[in-house]
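Novice: take this sequence and fold it.
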Amino acid sequence: MIVLIDNYDSFTYNLYQYASVYTDVHVIRNDAVSIEELREMKPDGIILSPGPGRPADAGICIDLIRQLSGQVPILGVCLGHQAIGEAFGGRVVEAPVIMHGKTSMIRQSGQLFDDMTETLEVMRYHSLIVARNDLPTELVITAETDDRTIMALEHRTHPTFGIQFHPESVGTPQGQQMIKRFIELIKE
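Specialist: Now for the predicted structure:
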């Protein structure tokens, strides 16, 4: 079972639809559950949804990452990705270009993208990014745009992944495959 933390985003249920094809998914708002309650649920994995604002506005997400990363596989999407960067000591800053409803081509090299082409089209809805200059050593960049904006991260030693773009959007043609791959990694 996957727990999908809803950061009050209108696309949360698109993620739910993608993931529920492969496994049971339980959606919980970011302020309606404690870390202890999550532990008691014993999820196979956790997805942190997109949402408005900064990681500090994402309810339990930063604490969840700090306490459960390495114990439970985690996938952060957009705001969830930024929360991963911040939870490990990185900085989230304003993007040089605001990307709301725009696609970009990214180059990827991470586990989350196995069996996909090296270059992928993805949909972006964000004005904040994880700063490259302050990237914590525990995190590895696994996808970026031509201007070197970080589009995906993963932890060096355990299954914690962040993607800045939106796999649940029709503008990310291989998005459902990415969600499927996260679920496959959980089962490995």
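Novice: who touches the residue nearest the centre of the chain in this structure?
Specialist: Geometric centre of the chain, nearest residue: residue 76, 2.0 Å, by Cα atoms, centre = their mean. Going by Cβ atoms under 8 Å, 6 or more residues apart in numbering, residue 76 touches 47, 48, 61, 65, 82, 83, 84, 160, 161, 162, 163. (Each C-beta comes from the backbone N, C-alpha and C, glycine too.)
Novice: buried residues in the biggest helix by length in the chain?
Specialist: Longest helix in the chain by number of residues, with DSSP state H as the criterion: helix 175-187. In terms of neighbour count (16 or more other Cβ atoms under 10 Å), helix 175-187 has its buried residues at 175, 176, 177, 178, 179, 180, 181, 182, 183, 185, 186.
Novice: nearest spatial neighbour of the fourth one, skipping sequence neighbours?
Specialist: Pointing back at residue 178 there. With sequence-adjacent residues excluded and distances taken as Cβ to Cβ, 6 or more residues apart in numbering, residue 178 is closest to residue 167, at 4.5 Å.
Novice: right, and that neighbour touches residue 77 too?
Specialist: Yes - Residue 167 is in contact with residue 77 according to Cβ atoms under 8 Å; the separation is 6.7 Å.
Novice: find residues that contact each of those two.
Specialist: With Cβ under 8 Å, 6+ apart, residue 167 and residue 77 have common neighbours residue 15.
Novice: please identify the residue most distant from the middle of this structure.
Specialist: Quick read of the chain (Cα atoms, centre = their mean): farthest out is residue 40, 22.6 Å.
Novice: okay, that residue and residue 24: tell me how far apart.
Specialist: Separation of residue 40 from residue 24 (Cβ to Cβ, to the nearest Å): 16 Å.
Novice: quick one: residue 55 and residue 64 touch, right?
Specialist: No - counting by Cβ under 8 Å, residue 64 is not a contact partner of residue 55; they are 11.2 Å apart.
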